[in-house]
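> starting from these lines, generate the structure:
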Amino acid sequence: MESQAEGSLIPMSEGVKILYKEAVDNILFLKRQQWTITNHALVAFAAVVAVSRGANNVETTLLTLLAAAAWLYAVACMLHTQMTMTKYRLRLTHIYQKYFHKEEKDQFVLWSSAPTFNYTPMFVWGLVAANTLALAATLYLIWRRAPPGSVTFVGP
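Have a look, this model is predicted:
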């Protein structure tokens, strides 16, 4: 009675069910947070550009430092959320391996091995690239100098 037959399902305790739900909910939350982080960084870059109109060189330098700090913070938060999602995905993988039959794993396409940090590389690195391009555009816009009386700068 104590030994379980090969392939028999181990019943999931209430504690494991709670950990499973927590992992899934946190992954969904963290994925939304990555978008929120990017959106807030873009708003910060837009604010820096708006404030830079009419700024002197010292103010422009300070705004450059502010934009770089906003970019660094956004990327650090993005990578932190990705590392945290990796931790929760490891927990889910353990639950999948212990509490699901092979047929269920195949049917529901559950992970057979633990996902790495780069489980969804196009997403996280795409958001980092978007932040980087926004920083580059911000720096260009706050450092360019239009000729007096013109609205836009037209290069040679």
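
> in the chain, where is pLDDT below threshold?
Applying pLDDT under 70 to the chain picks out residues 1-9, 107, 111-112, 114, 145-156.

> how about the helices in it?
Using DSSP state H, the helices of the chain run over 14-52, 57-99, 102-108, 121-143.

> and the closest residue to residue 71 other than its chain neighbours, how far from residue 68?
Nearest residue to residue 71, sequence neighbours excluded (CB to CB, 6 or more residues apart in numbering): residue 135, at 4.3 Å. Every C-beta, even on glycine, is put in place using the N, C-alpha and C of the backbone. According to CB to CB, to the nearest Å, residue 135 and residue 68 sit 7 Å apart.

> between the two, which has more neighbouring residues?
More neighbours surround residue 135 than the other of residue 135 and residue 68, with 22 against 14 (other CB atoms under 10 Å).

> my read: the more buried one touches residue 67, true?
Yes. The pair residue 135 and residue 67 qualifies as a contact (CB atoms under 8 Å) at a distance of 6.0 Å.

> residues that sit against both of those two, list them.
residue 45 (CB atoms under 8 Å, 6 or more residues apart in numbering).

> tell me, how many residues neighbour residue 37?
20.

> okay, it and residue 75: tell me how far apart.
9 Å.

> same deal with residue 117?
14 Å.

> give me the neighbour count for the residue nearest to residue 124 when sequence neighbours are not counted.
Leaving aside its chain neighbours, residue 124 sits nearest to residue 82 (4.9 Å; criterion: CB to CB, 6+ apart). Using other CB under 10 Å, residue 82 has 22 neighbouring residues.

> what's the answer for the one 3 residues further on, then?
By the measure other CB under 10 Å, the count of residues near residue 85 is 24.
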